[in-house]
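Q: Show me how the following folds:
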Amino acid sequence: MSNVVLETICKKVFGCELIKQALGMRFTWHAGEPLIAPISFYKTAVELTTKYKKEHLEVVHQIVTNATLITDEWCKFFIENKIEIVVSIDSPNLYMTLLEKNAMGKVHLKILYVVSSC
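A: I've put the predicted structure just below:
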């Protein structure tokens, strides 16, 4: 998604009459693996939602990920911006995933390592 589209969405969402009456809003980033997008995308998303939100509105960002791409840089960004993380381990193919290998080794073991490191 381009920054222009992201900004247009923020303008429309925060300009909506229903949102003007709300106390909070949650942006959940998911579909495929959202961490494939660079951190700069999410920095822009946080900046734009902060820019267009109404003062009374609490905005929360949440990322649903399989955690295999989380690095120290991502962890720092999550903490600095209070971004909620949901780790999704696909099932019922979990047992097959345990056997699947990527460049870093077993996927399930990597997920457990990353989650325990943050």
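Q: was I right about L48 contacting C10?
A: Yes. Between L48 and C10 there is a contact under CB atoms under 8 Å: 4.5 Å. Where C-beta positions appear, they are placed from N, C-alpha and C, glycine not excepted.
Q: Looking at the two, which one has more neighbours?
A: Counted by other CB atoms under 10 Å, L48 and C10 do not tie: C10 has more neighbours, with 21 against 18.
Q: mind listing what the more buried one touches?
A: C10 sits next to 48-49, 51-52 when contact means CB atoms under 8 Å, 6 or more residues apart in numbering.
Q: For the buried ones among those residues, write the corresponding ChimeraX selection.
A: This is the ChimeraX syntax for the buried subset of those, where burial follows 16 or more other CB atoms under 10 Å:
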select :48,49,52
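Q: Out of the contacts of C10, which is nearest to V87?
A: Distance to V87, by CB to CB, is smallest for T49 among these, at 22.9 Å.
Q: so that closest one sits in a helix?
A: Yes. Assessed with DSSP: H, G, I helix; E, B strand; the rest coil, T49 lies in a helix.
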